[in-house]
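Engineer: Make a model of this:
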Amino acid sequence: MLLDGIIGVCGLVGLLFLIRAVRRLRQWRLIAGSVHTLLGLCFLLAATAAWLLGFSLLTYERLTYEQPAAEIMLSRLGERHYRATLTYPSNLTQSFELRGDEWQIDARVLKWRGLANIAGFDTVYRLERIGGRYRDINSERSAPRTVHVLNEPARIDAWELARRYREYVPWVDALAGSATFLPMADGALYQVSVSQSGVVARPLNQAGREAVAGWR
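Structural biologist: So this is what the prediction gives:
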């Protein structure tokens with residue numbers, strides 16, 4: 001709502017300045033016309049920047065409490081080789097081949113404070129990638145690695161902007177990269193949830209619970 005207001009106000013003010021600029025230029029008041037044109041373009045650029053920021057935030061999910069982010073079903077393809085099928089709350093599915101003993105999912109979490117919270121900016125998150133990992137360090141160094149992107153990075157990313165210019169945006173409370181990992185096992189089903197503190201995963205079926213119980 002706040003961004004919508006900023007976009008609307010900046011866009012309207014920019015158009016009004018441009019209309020006044022046209023009138024001044026028709027009257028051959030070149031200096032006044034140029035000033036109004038410059039101001040109009042500045043406000044329109046501000047509206048465009050706010051719109052791009054809002055579009056970036058749409059790629060993140062709003063988070064007011066712990067909520068399911070995805071379910072992961074694993075199917076064994078071979079030795080240390082699995083297919084991971086992700087099902088999102090929207091029923092969208094993605095499937096990836098992973099190598100290793102464990103799967104790991106990474107997310108970005110962006111929190112707000114102060115006026116941003118009052119304006120209705122909830123904590124937002126975005127799942128970034130999923131990959132396979134090995135229990136022993138030697139395999140981790142030498143065995144085949146697999147990692148897959150879950151969400152392509154946006155051209156203008158709110159998280160990246162907040163990280164880069166954090167000293168100028170005091171309403172950003174915390175930027176966090178969060179990850180969780182659990183063992184891979186044939187037929188194991190896990191639920192990935194995101195809360196204010198980060199990403200958490202839990203087994204949903206017997207195969208998953210047995211894998212976690214025997215995890216070393």
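Engineer: got the residue ranges for the helices in the chain?
Structural biologist: 2-26, 30-58, 115-118, 137-142, 158-164, 206-213 (DSSP state H).
Engineer: Compare these and say which comes out lowest on pLDDT.
Structural biologist: Sorting those by mean pLDDT places helix 115-118 lowest, at a mean of 52.
Engineer: who's in contact with stretch 89-97?
Structural biologist: Residues from elsewhere that reach stretch 89-97 (Cβ atoms under 8 Å, 6 or more residues apart in numbering): 67-70, 77, 81-87, 130, 146, 148, 150. Quick note: C-beta positions are derived from backbone N, CA and C, even for glycine.
Engineer: same thing but at 6 Å, please
Structural biologist: With Cβ atoms under 6 Å, 6 or more residues apart in numbering as the test, stretch 89-97 has contacts from 68, 83-87, 148.
Engineer: do the same with stretch 206-214
Structural biologist: For stretch 206-214, the surrounding residues in contact (Cβ under 6 Å, 6+ apart) are 183, 185, 187-190, 203.
Engineer: Adding neighbour count, distance to residue 126 and pLDDT, write those residues out as JSON lines.
Structural biologist: Formatted as JSON lines, the contacts of stretch 206-214 follow (neighbours: other Cβ atoms under 10 Å; distance: Cβ to Cβ, whole Å; pLDDT from 0 to 100):
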{"residue": "183", "neighbour count": "21", "distance to residue 126": "25", "pLDDT": "95"}
{"residue": "185", "neighbour count": "22", "distance to residue 126": "27", "pLDDT": "95"}
{"residue": "187", "neighbour count": "14", "distance to residue 126": "29", "pLDDT": "95"}
{"residue": "188", "neighbour count": "26", "distance to residue 126": "25", "pLDDT": "96"}
{"residue": "189", "neighbour count": "18", "distance to residue 126": "23", "pLDDT": "97"}
{"residue": "190", "neighbour count": "26", "distance to residue 126": "19", "pLDDT": "97"}
{"residue": "203", "neighbour count": "19", "distance to residue 126": "24", "pLDDT": "95"}
